[in-house]
Each structure stands twice: as structure tokens, then as C-alpha cells.
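Trainee: attaching a predicted model along with its sequence, questions to come.
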Amino acid sequence: MNSLTKIFDVRAQMIFNGRGEPTLEATISTEGGLGIASAPSGASKGKFEVKSYPNNSVQGAIDQVEKIVAPALLGKDADEQELIDQTLHDVDGTTDFSRIGGNTAYAISVAAASAAANSIEMPLFYHLSGSLVTDLPQPLGNVLGGGKHAGKKAPDIQEILVVTLNAPSFLDAAMANIDVHRKVGVILGKRDSNFTGGKGDEGGWAPNIDNEEALSIVSDACASVSEESGMKIGMGVDVAASSLWDPHQRKYLYPRDGKKFTEEEQIDFIQNLIREYKLVYAEDPLHEEDFGGFAELTRKTKDCLICGDDLYTSNVSRLLRGIEKGSGNAIIIKPNQIGTLTDAFKTTKMAKRHGFIPVASHRSGETNDSHLTHIAVAFGTPLIKLGVVGGERATKVNELVRIEKLLGKRARICDFREYM
């Protein structure tokens, strides 16, 4: 054991995320450094995620850290990530982290990795992956949305996203996303004199318009910024279809648009959106148990990622089921959905092995923690879902700008289409 990375203190406290909700921040001290990490939260959670906190109580999670987590980690080597993460599983003793909480496990896991990296004065992404890493993910930015991230009169589709397809650098890609976001705001203001400039949880505009108008406005903004910048900008959607699915009627309900779709009609609807708006990305187009529908849509679709979030919840067992059925070709990686860095890495590795594109992702209830960016670079995810504006979103964008600067001439921004 490197004496510098030996853990001598483990603490947890309550802080608040961008929605003003309580969450847990973990601090791990080693002989040579300090690691601090906090857990995000989602508004639309997949039902197959690990439990966020014991009995939904952040204070209960803090109590568990003091009683059983800290004693188990004291004296261990923070540099041994798999050992740290296995210890978290062992002290929890359940399959879904219901005793200590998945958010607790995530914050502790990342804080340990951060402490180890700081102890040897190394950036976290280098510590997790090695010094040969050179690739940066493309930022997939939320510019307009609705659903559970916004008010009742906003579009039913939860997120309308943009991504540059030929940006020379991460900095250029981030700037293009910001320009599209700004352009969308200008268009909304011109079309609706009553538009107040309201935004959803992730910083995307949240106007009182229907889905088709929202998509049309973003499409116009992308075309305008593409012409001005010389960079091709593609569109994507996160439908968050589980929040629209009514299992009793067996239909997808779009309250803002006043529409109801059967399972087959939903597939046709998504296909039409992909064709009309030349979408390059469609996340959760069907509900979280419809492996067959995902497979059918994937077979019928070309040149567009069909990505599962609630379907997979970063869980390697569910991913294996999807691989067998051909349910999509991309997977969201949210480490706190599964609990630890080791678990998230195993899912990412499995996805790559079977031709699924892993997409690192923030959550709607974020903090100013920027570790997700280091995880994305270390894990080699070609895409990262981020907000475009807002403090807790800009923190992550700016950290990737710094990483690109640190890598210098070796830095290369991924083109996710190379993996399709």
C-alpha cells in the first residue's frame, strides 16, 4: 500500500442540488490528499435503478456512513478502486443498495478515487484510465424541453438536444451548443411576446408550445448556427417515454398535444421524427420494459442512435438482455444509477464489447461536482449529455475545456458516428 493513499477519515454531510433538494456529499481523507464528491438525482428515475437513499432519507444515509461505511473503509487503500467498491457492496448487503443508498455508494466511490488521484497529484481521468488517454466526448446539450423537467404547458418530449458532428475541438463544440441555445431563445421571444424566458431543470428553454413547434424551432436554430459556424449540428431527443406510458390503457399519453399512441403508433411517431428532423439520437423512445419495441425501432432505423436509459439503468444484467434482443445501439451511463465506479465501468466495457455506444450523462438534479467529466474521459464514452447553461451544467462543460487544454495537441474530440 502506498502510504499516501491510505484512508484515515470518511465523512458525509447534507448539501443541496440545483433544484434545492438535499443530497449527500462525501469527503475521504488520505495521508496525501482529500477527495470530495456529491451525488446527483433524477426527476424521471428508472424503476430498475438502485435505491437512492435508505428509506429516501439523506440523513439516514449519513447515519449509515458513520455507523458502517466509515469503519469498513478506514485503513484501506483509496488507490484500490475495486476493493473500495466491493467493500461498499459488502457493508450494504443488498442487491440494490437499499441499506446505505446508491447515491451514498456513488459519492463514496468517487470521493475515494478523487482522494487517491489527489494524493499522487494526478488528474482523476489519468488516475482511472492511464496517461495514454486522448479522446474527449462530444457534448450532447439540452436546449429545449418539457416533461418532468418543466411546467405543465411545456412540450411533452422531455429534452430536445443538439450535438456538433464535425467540431474541431471540444471548446468549439461547446460554443456551438451555447449558440444554438441562445438562438432558440431569440426565436421563442420573436414568436411569442408572452415568453418569459423560463427554463427547465437542465437549463433548456421551457416554452408554452407543442412538440412539433419545439422541434421546428430547434431545427431552425441548428441550421442558422451551422451556416454561421461552418459546423454541422445534429438534433436528438430524450422522449422519457416511461413517464408518458399508461400501463392500464397500454398507450403513450401526450397531454400537451392531446394525443394517445399505441405501442406501434409510438414507434411510427418516433420514426417520423427521425426522418423529418434528421435526428441522430433518440433516447428512451419507448417505456422501460419494452425490449421488443426498442429492438423493432432499432431494426427500422438507420443513422440514428437508439439509446436506452430507463431501459438499462446502467445495469450490466439488463444490458446483456438488450444485447441479446438487439434493443438499441446506445446506453446511458449514470454511475449513481448503479452505485459505484466499478459497476459503471463494467457496464461501459460490456456496451463497447457488443457495439453499443456508451453515453455518460448528468442528471436533472445536479450539483457543482465535475467528476462526471473525468469519468467520461476515463471510460472513453464518445458522447456526454450535459446542460448548456446554468452553474451546475457550466461547471462540467468548463472542466472538459480544462481537460482539453491539459491534453494539448494530443486531445481529440470523438466522432460518435465512427462507432455506429
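Mentor: Perfect, thanks for sending it. Numbering: from 1, shown residues only.
Trainee: I'd like the next helix or strand past the helix or strand hosting residue 404.
Mentor: Secondary-structure element containing residue 404, defined by DSSP states H and E: helix 391-407. The first helix or strand that comes after helix 391-407 along the chain, using DSSP H and E, is strand 412-413.
Trainee: rounded mean pLDDT for that following strand, please.
Mentor: For strand 412-413, mean pLDDT is 96.
Trainee: could you break this protein into its assigned domains?
Mentor: According to automatic domain parsing, the chain is divided into the following domains: 3-121, 135-419.
Trainee: tell me how far the spatially most central residue of the chain lies from residue 89.
Mentor: For the chain, residue 361 is the residue whose C-alpha lies nearest the centre (CA atoms, centre = their mean; 1.4 Å). In this view, residue 361 and residue 89 are 23 Å apart by CB to CB, to the nearest Å. Using the backbone N, CA and C atoms, a C-beta is placed for each residue, glycine as well.
Trainee: what's the answer for residue 210, then?
Mentor: 46 Å.
Trainee: what's the answer for residue 34, then?
Mentor: 24 Å.
Trainee: who has more neighbours out of the two?
Mentor: residue 89 (17 against 14; other CB atoms under 10 Å).
Trainee: what pLDDT is listed against that one?
Mentor: Looking at residue 89, the pLDDT reads 98.
Trainee: could you pull up the residues touching it?
Mentor: 105, 339, 340 (CB atoms under 8 Å, 6 or more residues apart in numbering).
Trainee: list the buried residues for whichever helix or strand it is part of?
Mentor: Here residue 89 sits within helix 81-92, counting by DSSP H and E. Going by neighbour count (16 or more other CB atoms under 10 Å), the buried part of helix 81-92 is 81, 84, 85, 87, 88, 89, 91, 92.
Trainee: can you give me the buried ones in whichever helix or strand comes after it?
Mentor: As assigned by DSSP H and E, the chain's next helix or strand after helix 81-92 is helix 102-119. Residues 102-119 are the ones in helix 102-119 that count as buried (16+ other CB under 10 Å).
Trainee: which SS state does residue 175 fall under?
Mentor: The local conformation at residue 175, judged by DSSP: H, G, I helix; E, B strand; the rest coil, is helix.
Trainee: I'd like the distance between it and residue 376.
Mentor: 19 Å.
Trainee: who has more neighbours, those two?
Mentor: Between residue 175 and residue 376, counting by other CB under 10 Å, residue 376 is the more crowded of the two (30 against 18).
Trainee: hey, what's the nearest residue to the more buried one once chain neighbours are set aside bridged with?
Mentor: Excluding its sequence neighbours, the residue lying closest to residue 376 (CB to CB, 6 or more residues apart in numbering) is residue 360, at 3.7 Å. Counting by DSSP bridges, residue 360 is bridged to residue 333, residue 384.
Trainee: ditto for residue 139
Mentor: Under the criterion used (DSSP bridges), residue 139 bridges to residue 384.
Trainee: what sits against it?
Mentor: Contacts of residue 139 by CB under 8 Å, 6+ apart are 163, 170, 173, 174, 177, 383, 384, 386, 397, 400.
Trainee: I'd guessed the residue nearest to the centre of the chain sits against residue 309; true?
Mentor: Yes. At 7.3 Å, residue 361 and residue 309 qualify as touching, with contact defined as CB atoms under 8 Å.
Trainee: between the two, what contacts are shared?
Mentor: With CB under 8 Å, 6+ apart, residue 361 and residue 309 have common neighbours 332, 334.
Trainee: so how far is residue 301 from the residue nearest to residue 376?
Mentor: 23 Å.
Trainee: quick one: which of those two has more around it?
Mentor: When neighbours are counted by other CB under 10 Å, residue 360 comes out ahead of the other of residue 360 and residue 301, with 27 against 20.
Trainee: residue 336 is in contact with the more buried one, correct?
Mentor: No. Contact criterion CB under 8 Å: residue 360 and residue 336 do not qualify, at 12.0 Å.
Trainee: wait, what's in contact with the residue nearest to the centre of the chain?
Mentor: By CB under 8 Å, 6+ apart, the contact list for residue 361 reads 309, 332, 333, 334, 372, 384, 385.
Trainee: count of neighbours near the nearest residue to it once chain neighbours are set aside?
Mentor: Excluding the flanking residues, the one nearest residue 361 by CB to CB, 6+ apart is residue 385, at 4.0 Å. Neighbour count of residue 385, defined by other CB under 10 Å: 31.
Trainee: got a pLDDT number for the residue nearest to residue 376?
Mentor: For residue 360, the pLDDT comes out at 98.
Trainee: just to be sure, residue 324 is in a strand?
Mentor: No. Counting by three-state DSSP, residue 324 is not part of a strand but helix.
Trainee: which residues in the stretch 201-350 of the chain form helices?
Mentor: Ranges of helices within the stretch 201-350 of the chain are 211-229, 263-277, 291-300, 316-325, 335-338, 341-353, based on DSSP state H, counting those that start in this stretch.
Trainee: right, so of these, which gets closest to residue 7?
Mentor: helix 341-353 (15.6 Å; CB to CB).
Trainee: so which residues make contact with the closest one?
Mentor: For helix 341-353, using CB under 8 Å, 6+ apart, the contacting residues are 81-82, 85-86, 109-110, 113, 128, 312, 314-316, 319-320, 323, 331, 333-335, 338, 357-358, 375, 379-381.
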